[in-house]
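Student: Below are the sequence and a predicted model; questions follow.
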Amino acid sequence: HQPLLPFERHPWTDPVSVDVRTVWQPTSVRLVYRVRGADPRLRETLIRSRSGVRRDELWRSTCFEAFFGIAGSAAYFEMNVAPSGDWAWYAFDDYRAGMRSPPLSPGEPPRVLRIETDEASFEIDVELPRAAFREQKIESCSVTAILDRGDDPSYWALVHAGPRPDFHLRESFLREDSAG
């Protein structure tokens, strides 16, 4: 697991840790996000009824994200998954430009394989079929999380490349030799 770092600490985030394990498989990418040390207000946002439908604006509350940079291009994909299993999939032509929600065939959307929760932790295991990349070669990836108790969101990433939380900055994407 790789630790995600908060853009800035809030009093409620001091006991919280977030990490992710990314596994590039021949036909999919597996992302296992784990949150530990959540207080009761944050835990309420993590434990939701499961719906698993495509929905926009998941970033407005607790969600787990991944950005995938296309080789030799400024274009990239963005995946969002909420604790409810709701998901979003976007394609961009460049930094925050040309955003669209490409249609996905059955078997292509991200799906939640498993959610485990207890008093001390929350874990969500997400599978993204490689078919969603539309045969584009992926060269970099950024995994992120937004934790929101309803009043003061906290932004987590492997790397924060800008002066404010901005997961779309390509400088924060890490090279993925196994992404191919």
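Tutor: Nice, thanks for sending it over.
Student: quick one: P15 is in a helix?
Tutor: No. Counting by DSSP: H, G, I helix; E, B strand; the rest coil, P15 is located in no helix; its state is coil.
Student: Would you confirm that R41 belongs to a helix?
Tutor: Yes. For R41, which was evaluated using three-state DSSP, the result is membership in a helix.
Student: Hmm, G150 and it touching each other?
Tutor: Yes. With the criterion set as Cβ atoms under 8 Å, R41 and G150 qualify as a contacting pair; they are 6.8 Å apart. (Glycine included, C-beta is placed from N, CA and C.)
Student: List the beta-bridge partners for the residue nearest to the spatial centre of the chain.
Tutor: In the chain, the residue lying closest to the centroid (Cα atoms, centre = their mean) is E65, at 1.4 Å. The residues paired with E65 through beta bridges, assigned by DSSP bridges, are N80, T144.
Student: and it, what is it in contact with?
Tutor: W59, E78, M79, N80, V81, V143, T144, A145, I146, F167 (Cβ atoms under 8 Å, 6 or more residues apart in numbering).
Student: which of these tops the neighbour count?
Tutor: Neighbour count (other Cβ atoms under 10 Å) singles out T144 as the most crowded of the contacts of E65, with 27 neighbours.
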